[in-house]
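S.K.: Provided below for reference: sequence and predicted model.
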Amino acid sequence: MAKNLDPKCKQCRRAGEKLFLKGERCFSTKCALTKRSYPPGVHGSKGHPRLTDYGVHLREKQKLRRMYGVLERQLRKYFKEAAKSKGDTGLKLIEFLERRFDNVIYKLGLTTSRAQAKQFINHDLFLVNNKKMNIPSYRVKAGDVITIRKEKTKSKGVLAENIKNINKKEEISWLTWDPKELKGQVVSIPKDKDLDVGIDTRLVVEFYSR
């Protein structure tokens with residue numbers, strides 16, 4: 001499946017709930033879903049149509065895919081790996097997505113969205129364990145240390161502004177940020193209690209198990 005090129009606000013309106021794809025805008029009065037809580041398109045004002053059982057499962061799977069900004073083939077690959085792993089398949093699937101490097105950069109507060117995290121990673125702004133890391137899908141491990149690669153980005157620009165606002169972000173139990181050293185660390189693999197991201201994983205598992 002090709003990358004979803006729909007405007008991010010339309011993706012939220014289609015899902016019927018906020019997927020937090022545009023950073024701070026999602027928390028403001030500018031949020032499109034706040035202004036127009038109906039689906040996009042000519043017939044959107046009539047509200048969300050009643051879904052079939054398949055449609056309910058598909059919507060939840062699409063919501064997960066859009067939330068983390070992954071392609072269909074990537075999500076299916078994660079699911080197959082999760083299905084072969086020990087424990088709850090749905091929780092394992094979320095764990096793999098949470099451990100993506102772009103998600104970790106976002107959760108640390110270094111970016112305002114996962115899309116921005118991908119962009120910064122592709123621009124070689126970060127190091128993992130003192131080695132350049134420009135792969136958004138890299139899966140972090142417990143003990144990984146994340147630092148900023150380019151000195152100039154520490155004092156000016158969008159990244160610098162994001163760093164100033166890190167203390168406003170909600171603390172993540174399995175990640176830490178040292179404001180003096182400008183260094184993040186993966187202190188542990190996310191546990192079950194850390195994997196509640198507002199997705200009904202049962203529906204996603206059932207969708208791919210058909």
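M.R.: Received the coordinates, thanks.

S.K.: Show me the strands in this protein, by range?
M.R.: 126-128, 131-132, 145-148, 175-178, 183-186 (DSSP state E).

S.K.: of these, which approaches Y106 most closely?
M.R.: strand 175-178 (10.6 Å; C-beta to C-beta). C-betas here are computed from N, CA, C, even on glycine.

S.K.: what sits up against the closest one?
M.R.: Outside strand 175-178, the residues that touch it by C-beta atoms under 8 Å, 6 or more residues apart in numbering are V104, K107, L108, G109, I166, K183, G184, Q185, V186, V187.

S.K.: could you redo the last one with a cut-off of 6 Å?
M.R.: Outside of strand 175-178, the residues within contact range by C-beta atoms under 6 Å, 6 or more residues apart in numbering are K107, L108, I166, G184, Q185, V187.

S.K.: With stretch 71-87 instead?
M.R.: Stretch 71-87 has contacts (C-beta under 6 Å, 6+ apart) with M1, R65, T89, K92, L93, F96, Y208.

S.K.: Show me what counts as buried in that stretch.
M.R.: By neighbour count on 16 or more other C-beta atoms under 10 Å, the buried set for stretch 71-87 is Q74, L75, Y78, F79, A82.

S.K.: Over to stretch 95-112 now: how far is its first residue from its last?
M.R.: 21 Å (C-alpha to C-alpha, to the nearest Å).

S.K.: Please, a PyMOL command that selects the buried ones among the contacts of strand 175-178?
M.R.: A single PyMOL command selects the buried members of the contacts of strand 175-178 (16+ other C-beta under 10 Å):
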select buried, resi 107+108+184+185
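
S.K.: Which pair of the contacts of strand 175-178 spans the longest distance?
M.R.: Across the contacts of strand 175-178 (C-beta to C-beta), the longest gap, 16.1 Å, separates I166 and V187.
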